[in-house]
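1. What follows is a predicted structure for the sequence shown.
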Amino acid sequence: MTFRFVHAADLHLDSPFKGIRETDPHVADVLRRATFDAYASLIQLCLDRRVDALLVAGDVFDGADRSLAAQVQFVKGLERLQDAGIRAFICHGNHDPLDGWGARIPMPSNVHQFGESAEAIPVDPQSPSGPVVCGISYPIREVRSSLLPGFPTREPGRFTIGLLHANVDASPGHEAYAPCTLADLIATGYDYWALGHVHTRTIVRDQAPMVVYPGNTQGRHPNERGPRGVYVVDVDEQGAASSAFVAVDTVRWEYLNIQIDGMHDDSALFSGLEDRVGELLTQSDGRHVVYRIRLQGRGAMHESLSRMGTIDELVTQLNATWASRDPFAFCGGVVDATRSEIDRAALLDGEGFIGDFLALTDEVARDEGLVADLRQELALLYKDERARRYLEVSLSREDDVPALVAVAEDVALGLLVDDEIGE
């Protein structure tokens, strides 16, 4: 038999948005509703795709002291699924553990909430060979040991899904709750692992058993950028699963890096920023956008940007143009990381340490053997779990090392020139 389900996680209903200090009333209202609107889109997706089941892998709510409003909205969505004959399976994670549940509204009969002991529940109780969902919930907020040992043995011939809120293979940037390894998950013999906890969607394994994090349904702060949503999973008659990501978010967080090189006045800067903001909205699939800007590079605009009040005026102008639109683009802040203009060619031709330094970096960029050696050494750094969380780029292309050398040169050159000016 064929089977279709939606794999969601980390709804964080009623979660406050972080990293926004001031907004106009319209923007503030959209942000307050964002997690609820994303959930409504998730429910509508289940209805439109006529799925057999919705699976939610933990952190339905943002905290154990979940609001009544969040519970009401959550249950209303599940009731819509019940009316359509769609089952729902829910496990609880570190943000909504069982010891803080305190639900004031009963769940509809189509919902199964997993308890603190793992169990296997058939999607269709009337089908002895149909798919089964095996899951477990956190009894308390901090679960520091693996929950896998208690999971039921897979029943032969039945497509089996594991539903779990966990950190697999010590994913960096996330608490090591219910830690386990990919090898542990594979060893269960299950067909699909529906995971939660990691907010960035990740297909850990794309073959049987598929191991998937859908990410959260709505980004909530500047570090949760890009589309957010769920996976729609189809299982064919042979038991092979395939998945497709579907965005359900309402607001997108984005980050713009703008180079001021070549910009000579405020008009050119503002025009360039408007072009980039317009591109953000075009690429946002009709979603609202909250963005931040980092201005960098060297040029004539550095002196203007350094004047008191210039950055605040820039934010005000951008929001006056874009924040009242529907969908809106709201600027949450501008960081000025620009430097004064430098004539590199003149410094290269000059005598002294700076000229020798620039000649050396040019030699490094041309030496293919040295670039290869640098790439090998840097690869060790990028593989280090502690270092990787602080690195914004990856070593995935052959030109990465020369690009990093160029960035390092610019930083060092700026320090050398500024130090020389200071003397």
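-> Received, thanks. Numbering: from 1, shown residues only.

2. Now do the same contact list for Thr200.
-> Residues in contact with Thr200 (CB atoms under 8 Å, 6 or more residues apart in numbering) are 213, 215, 224. C-beta here means a position set from N, CA and C on the backbone, and glycine is covered the same way.

3. Apply 10 Å and report the result again.
-> Thr200 sits next to 171, 173-174, 213-216, 219, 223-226, 228 when contact means CB atoms under 10 Å, 6 or more residues apart in numbering.

4. Would you mind listing which of those are buried?
-> 171, 174, 213-216, 219, 224-225, 228 (16 or more other CB atoms under 10 Å).

5. okay, how far is it across stretch 186-199, tip to tip?
-> One end of stretch 186-199 sits 22 Å from the other (CA to CA, to the nearest Å).

6. That should have said stretch 5-14, apologies.
-> One end of stretch 5-14 sits 25 Å from the other (CA to CA).

7. pLDDT (mean, whole number) over it?
-> Mean per-residue pLDDT for stretch 5-14: 96.

8. Dump the buried ones among the contacts of Thr200 into a markdown table; add distance to Asp99 and secondary structure as well.
-> Output for the buried ones among the contacts of Thr200, formatted as a markdown table (distance: CB to CB, whole Å; DSSP: H, G, I helix; E, B strand; the rest coil):
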| residue | distance to Asp99 | secondary structure |
| --- | --- | --- |
| Ser171 | 25 | coil |
| His174 | 21 | coil |
| Tyr213 | 25 | strand |
| Pro214 | 26 | coil |
| Gly215 | 26 | coil |
| Asn216 | 23 | coil |
| Gly219 | 28 | coil |
| Glu224 | 27 | coil |
| Arg225 | 33 | coil |
| Arg228 | 28 | coil |
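
9. Tabulate the contacts of Thr200 (JSON lines), appending pLDDT.
-> Output for the contacts of Thr200, formatted as JSON lines (pLDDT from 0 to 100):
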{"residue": "Ser171", "pLDDT": "76"}
{"residue": "Gly173", "pLDDT": "70"}
{"residue": "His174", "pLDDT": "73"}
{"residue": "Tyr213", "pLDDT": "98"}
{"residue": "Pro214", "pLDDT": "98"}
{"residue": "Gly215", "pLDDT": "97"}
{"residue": "Asn216", "pLDDT": "98"}
{"residue": "Gly219", "pLDDT": "95"}
{"residue": "Asn223", "pLDDT": "89"}
{"residue": "Glu224", "pLDDT": "94"}
{"residue": "Arg225", "pLDDT": "94"}
{"residue": "Gly226", "pLDDT": "95"}
{"residue": "Arg228", "pLDDT": "98"}
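
10. Nearest to Val235 among these?
-> Of all these, Val235 sits closest to Pro214, with 16.4 Å by CB to CB.

11. I'd say the closest one and Tyr192 touch.
-> No. With contacts counted by CB atoms under 10 Å, Pro214 stays clear of Tyr192, the gap being 12.0 Å.

12. Need the residues touching each of those two.
-> Contact with both Pro214 and Tyr192 is made by residues 7, 55, 231, 233, 243, according to CB under 10 Å, 6+ apart.

13. Any idea how many residues pack against the third one?
-> Which is Tyr231. The tally of other residues near Tyr231 (other CB atoms under 10 Å) stands at 24.

14. residues in contact with it?
-> Neighbours of Tyr231 in contact, by CB under 10 Å, 6+ apart: 5-9, 55, 192, 194, 201, 203, 210, 212-215, 242-246.

15. cool, the first one as well?
-> With contact taken as CB under 10 Å, 6+ apart, His7 is in contact with 53-57, 161, 163, 192-196, 210, 212-214, 230-233, 243.

16. quick one: low-confidence parts of this structure?
-> The chain contains residues with pLDDT under 70 at 18-22, 63-66, 101-104, 383, 385-400, 418-423.

17. quick check: domain ranges of it?
-> The chain breaks down into these domains under automatic domain parsing: 3-247, 251-339, 344-422.

18. of the contacts of Thr200, closest to Val133?
-> Pro214 (15.5 Å).

19. Now the phi/psi pair for the closest one, please.
-> For Pro214, the backbone dihedrals (degrees, to the nearest 10) come out as phi -80, psi -10.

20. Quick check: it vs Val204, distance?
-> Pro214 sits 12 Å away from Val204, going by CB to CB, to the nearest Å.

21. overlap in contacts of those two?
-> The contact sets of Pro214 and Val204 overlap at 195, 198 (CB under 10 Å, 6+ apart).

22. can you map out the helices along the protein?
-> 25-48, 68-83, 182-187, 266-282, 301-306, 310-322, 344-349, 353-366, 368-383, 385-388, 400-422 (DSSP state H).

23. What lies in contact with the third one?
-> By CB under 10 Å, 6+ apart, the surrounding residues in contact with helix 182-187 are 146, 148-149, 151, 162, 164, 166, 168-169, 181, 193, 195, 204-205, 207-209, 211.

24. Show me which of those are buried.
-> 146, 148, 151, 162, 164, 166, 168, 193, 195, 204-205, 209, 211.

25. Among those, which lie within strands?
-> Applying DSSP state E to the buried ones among the contacts of helix 182-187, the entries found in strands are 162, 164, 193, 195, 204-205, 211.

26. Considering those residues, which is situated nearest to Ala345?
-> Checking those against Ala345 by CB to CB gives Val204 as the nearest, at 48.9 Å.

27. hang on, the earlier thing: from the contacts of Tyr231, keep the buried residues only.
-> By neighbour count, with 16+ other CB under 10 Å, those hold 5-9, 55, 192, 194, 201, 210, 212-215, 243, 246 as buried.

28. State the distance from the nearest residue to Val204 once chain neighbours are set aside to Ala194.
-> Of all residues not flanking Val204 in the chain, Val211 sits nearest, at 4.0 Å (CB to CB, 6 or more residues apart in numbering). Distance, Val211 to Ala194, by CB to CB: 9 Å.

29. shared neighbours of the two, which are they?
-> Gly162.

30. Please identify the most buried of the domains of the chain.
-> domain 3-247 (a mean of 19; mean count of other CB atoms under 10 Å).
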